[in-house]
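Undergrad: what follows is a predicted structure for the sequence shown.
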Protein chains: 4
Amino acid sequence: MSDKPLADPMTAERIQELLDRSPFSRFFGIRVAAIDIPAATIVLAMELRPELERREGSGQWHGGALAGLIDTAGDFALALGLGAPVPTINFRVDYLRPAMTARLEATAKVRRAGRTVAIADIDVHDSEGRLVAIGRGTYGSQPG
Amino acid sequence: MSDKPLADPMTAERIQELLDRSPFSRFFGIRVAAIDIPAATIVLAMELRPELERREGSGQWHGGALAGLIDTAGDFALALGLGAPVPTINFRVDYLRPAMTARLEATAKVRRAGRTVAIADIDVHDSEGRLVAIGRGTYGSQPG
Amino acid sequence: MSDKPLADPMTAERIQELLDRSPFSRFFGIRVAAIDIPAATIVLAMELRPELERREGSGQWHGGALAGLIDTAGDFALALGLGAPVPTINFRVDYLRPAMTARLEATAKVRRAGRTVAIADIDVHDSEGRLVAIGRGTYGSQPG
Amino acid sequence: MSDKPLADPMTAERIQELLDRSPFSRFFGIRVAAIDIPAATIVLAMELRPELERREGSGQWHGGALAGLIDTAGDFALALGLGAPVPTINFRVDYLRPAMTARLEATAKVRRAGRTVAIADIDVHDSEGRLVAIGRGTYGSQPG
């Protein structure tokens, strides 16, 4: 399966289809919760599963799971405009609070899409609307 | 299960025991490959499993899996000196090459352990010794 | 001169006084343009001087000058609530466009002020309102 | 003055000439202390001047000055191979200790020079050899 851009205009369903091409995203259970194409913004959601806990039965997410969600959300905010995900060049994640929640929502917004690189910001909230982590990623600007 | 420090001196077996307390690390299959306590350095290894692929059957690791390994390796480099893992404050990961390999090795080294925060650098190599990603993380300096 | 917090409530004048304690900020000519204490937001401004150019007579700012402004703006967004600047632990700066402008404005906002560390986001605009750089910094949460 | 690459092989003198094209580097007084072309490593040095102090008469460097040195050192490590400085895409700086010293030395090493981006690591030591700050930067891979 390739990263070939989809010809048709982007919809939540098409983004979900692109996400589901990745076994990693499928295992994490990442779902498109909302898209706003003019605002270059996407919201992805994810439910806690036992393999993603920091400690058995703690109800707390492992930081690595948040990092995976953040990377993916930034990538798909860019895919809204580019038609397909792009390679991650680097990203930073800051953990603000322990994520003790059944469901996380990552809101990613494109800050700049240049000729060679693009940048997205990602805020992650728990199910009560508390900000638990923030991310900032640099991506290539060509699908591949 | 708690993050309570182990009383006895650190060995690869004890680090593995601490790692295995986390369902996330167990699912990823993170193994201690080597430790060097005077050098504040640890090597963790991980084999590709289907859920961690970027694309089905591609043999390429998803970036999120590398990020999880990097975060964990930095944390356990610090645990060598502190006796237990510490909370991640933030980290950065740079992807240098597509990771097309059956096995990854992350070498993490403490750069500075201060009173309130500690910093570790992490290099990730594929099974042919090519550098595929690098990380830099800031952690709290108290287990918890 | 110390970083002792000021006893009185924060005003733009007091922040300017704290800024002016630093020869670096004075040389850069950093000025408080606006503060919004309930929003934990500060705007600092800076005019191009010849020493801060990337190339002689180019009118383009050197990236190091933007980095200095970003670090300072994040710090003083935190000073609004803490009464004094705090040590920078780390920060990241992303350059989005060449900064060809007589005047820069950095808008810094606190994202989280925790017990041991605090995080601020900083957006830098040119005099035509274009976003030229963005920063994200982690600071200690105790003046010193 | 342009960033046009120099035709001849790189020497410390030529790197110094490229550095001196920038008013910012001249004002900071950045000097080439050593180059190692096969190792893709450069050492830049800088003496404290009053405008770069955090507090008047403190002898402590402002973090913004270290950030400017770090950005420049990473850039010129890349210039060793590319013949000219390249645009900074982003960088991160971590402060490990207060920099109370008359002289700083930044050692920058290329970690990867790819087709579209390049990455360098930078360690900054004080005059007693203590590590005071570390940087990691992503740069474009074409002079301009």
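TA: Looks like it arrived, so ask away. This is a predicted model, so every value here is computed, not measured. Numbers count the residues shown, from 1 in each chain, chains lettered A, B, ... in the order given.

Undergrad: quick one: the lengthiest helix in chain A near chain B?
TA: If you go by DSSP state H, chain A has its longest helix at helix A:63-82. Yes - contact of helix A:63-82 with chain B (Cβ under 8 Å from any Cβ of the partner chain) involves A:63-65, A:67-69, A:71-72. To be clear about C-beta, it is placed using only N, CA and C from the backbone, and glycine gets the same treatment.

Undergrad: residues in chain A within reach of chain D, list them.
TA: A:89-90, A:92, A:116-117, A:138, A:140.

Undergrad: most widely separated two among those?
TA: A:Arg92 and A:Thr116 (19.3 Å; Cβ to Cβ).

Undergrad: who has more neighbours, these two?
TA: Neighbour count, other Cβ atoms under 10 Å in any protein chain shown: between A:Arg92 and A:Thr116, A:Arg92 has more, with 23 against 16.

Undergrad: quick one: residues contacting that one.
TA: A:135-137, B:90-92, C:92, C:136, D:92 (Cβ atoms under 8 Å, 6 or more residues apart in numbering or on different chains).

Undergrad: ok, so of those residues, who is nearest D:Glu13?
TA: D:Arg92 (30.9 Å).

Undergrad: that closest one belongs to a strand?
TA: Yes - checked against DSSP: H, G, I helix; E, B strand; the rest coil, D:Arg92 lies within a strand.

Undergrad: thinking again about what came up before, which of the residues of chain A next to chain D sits closest to chain C?
TA: A:Arg92 (5.5 Å; Cβ to the nearest Cβ).

Undergrad: up against chain B, what does chain A have?
TA: A:1-3, A:21-28, A:50-56, A:62-65, A:67-69, A:71-72, A:87-95.

Undergrad: can you turn the buried part of those into a PyMOL selection?
TA: Restricted to buried positions by 16 or more other Cβ atoms under 10 Å in any protein chain shown, the PyMOL selection for the residues of chain A next to chain B reads:
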select buried, chain A and resi 3+21+22+23+24+25+27+28+51+52+53+54+62+63+64+65+67+68+69+71+72+87+88+89+90+91+92+93+94+95
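
Undergrad: A:Gly83: neighbour count?
TA: Count around A:Gly83 with other Cβ under 10 Å applied: 18.

Undergrad: wait, it sits on A:Pro143?
TA: Yes - if you go by Cβ atoms under 8 Å, A:Gly83 and A:Pro143 touch, sitting 6.7 Å apart.

Undergrad: number of residues surrounding A:Ser127?
TA: The burial count for A:Ser127: 14, using other Cβ under 10 Å.

Undergrad: looks to me like it is in a strand.
TA: No - the assignment for A:Ser127 by three-state DSSP gives coil, which leaves it out of any strand.

Undergrad: tell me where chain A has strands.
TA: A:31-36, A:41-47, A:88-95, A:103-113, A:117-125, A:131-140 (DSSP state E).

Undergrad: does chain C sit close to the longest helix of chain A?
TA: No - using Cβ under 8 Å from any Cβ, helix A:63-82 stays clear of chain C, coming no nearer than 12.4 Å.

Undergrad: what average pLDDT does that helix get?
TA: Throughout helix A:63-82, pLDDT has a mean value of 97.

Undergrad: over to stretch A:134-144?
TA: Here the average pLDDT along stretch A:134-144 is 92.

Undergrad: distance to A:Ile15 added to the strands of chain A, as CSV?
TA: Below are these laid out as CSV (distance: least, Cβ to Cβ, whole Å):
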stretch, distance to A:Ile15
strand A:31-36, 5
strand A:41-47, 7
strand A:88-95, 17
strand A:103-113, 11
strand A:117-125, 14
strand A:131-140, 16
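
Undergrad: compare the ones you listed and report which one is nearest to C:Ala79.
TA: strand A:88-95 (19.7 Å).

Undergrad: next, the angle from that closest one to strand B:131-140.
TA: 10 degrees (axes from the mean of the first three to the mean of the last three Cα atoms, to 10 degrees).

Undergrad: okay, which residue is most central for chain A?
TA: Closest to where the C-alpha atoms of chain A average out (Cα atoms, centre = their mean) is A:Ala73, at 1.6 Å.

Undergrad: give me the contact status of stretch A:115-122 with chain C.
TA: Yes - using Cβ under 8 Å from any Cβ, stretch A:115-122 reaches chain C at A:119, A:121.

Undergrad: residue of chain A nearest chain D, please.
TA: A:Thr116 (5.4 Å).

Undergrad: next, give phi and psi for the closest residue to that residue other than its chain neighbours.
TA: Once flanking residues are discounted, A:Thr116 sits nearest to D:Thr116: 5.4 Å by Cβ to Cβ, 6 or more residues apart in numbering or on different chains. Dihedral angles of D:Thr116 (phi, psi; degrees, to the nearest 10) stand at phi -110, psi -30.

Undergrad: tell me the contacts of D:Thr116?
TA: Contacts of D:Thr116 (Cβ under 8 Å, 6+ apart): A:116-117, A:140, D:140-141.

Undergrad: most surrounded residue in those?
TA: Among these, A:Val117 has more neighbours than the rest - 22 neighbours, counting by other Cβ under 10 Å.

Undergrad: ok, A:Ile42 touching A:Ala34?
TA: Yes - using Cβ under 8 Å, A:Ile42 is in contact with A:Ala34, at 7.2 Å.

Undergrad: tell me how many other residues crowd A:Gly114.
TA: So A:Gly114, with other Cβ under 10 Å, has 11 neighbours.

Undergrad: find the nearest non-adjacent residue to it, please.
TA: A:Ser141 (6.2 Å).

Undergrad: where's that neighbour relative to C:Asp123, distance?
TA: The gap separating A:Ser141 from C:Asp123 is 21 Å, by Cβ to Cβ, to the nearest Å.

Undergrad: same check on A:Leu48?
TA: For A:Leu48, the distance to C:Asp123 - Cβ to Cβ - is 33 Å.

Undergrad: pLDDT weak spots in chain A?
TA: Residue ranges of chain A with pLDDT under 70: A:1-8, A:144.

Undergrad: which positions in it make contact with chain C?
TA: A:92, A:94, A:96-97, A:111-112, A:114, A:119, A:121, A:131, A:134, A:136, A:138.

Undergrad: reformat those as a markdown table; add distance to D:Arg14.
TA: Formatted as a markdown table, the residues of chain A next to chain C follow (distance: Cβ to Cβ, whole Å):
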| residue | distance to D:Arg14 |
| --- | --- |
| A:Arg92 | 35 |
| A:Asp94 | 40 |
| A:Leu96 | 47 |
| A:Arg97 | 51 |
| A:Arg111 | 37 |
| A:Arg112 | 34 |
| A:Gly114 | 30 |
| A:Ile119 | 33 |
| A:Asp121 | 40 |
| A:Leu131 | 49 |
| A:Ile134 | 42 |
| A:Arg136 | 36 |
| A:Thr138 | 31 |
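
Undergrad: now a ChimeraX select for only the buried ones of those.
TA: Burial among these is assessed by 16+ other Cβ under 10 Å; the matching ChimeraX selection reads:
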select /A:92,94,96,111,112,119,121,134,136,138
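
Undergrad: mind listing what the residue nearest to A:Arg103 when sequence neighbours are not counted touches?
TA: Nearest non-adjacent residue to A:Arg103, counting by Cβ to Cβ, 6+ apart: A:Ser127, 4.5 Å away. The contact partners of A:Ser127, taken as Cβ under 8 Å, 6+ apart, are A:101-105.

Undergrad: so among these, which ones count as buried?
TA: Buried among those (16+ other Cβ under 10 Å): A:101, A:104-105.

Undergrad: and the gap between the closest residue to A:Ala120 other than its chain neighbours and chain B?
TA: Nearest non-adjacent residue to A:Ala120, counting by Cβ to Cβ, 6+ apart: A:Gly74, 3.7 Å away. Distance, A:Gly74 to chain B, using Cβ to the nearest Cβ, to the nearest Å: 11 Å.

Undergrad: number of nearby residues for A:Gly74?
TA: Neighbour number of A:Gly74 under other Cβ under 10 Å is 31.
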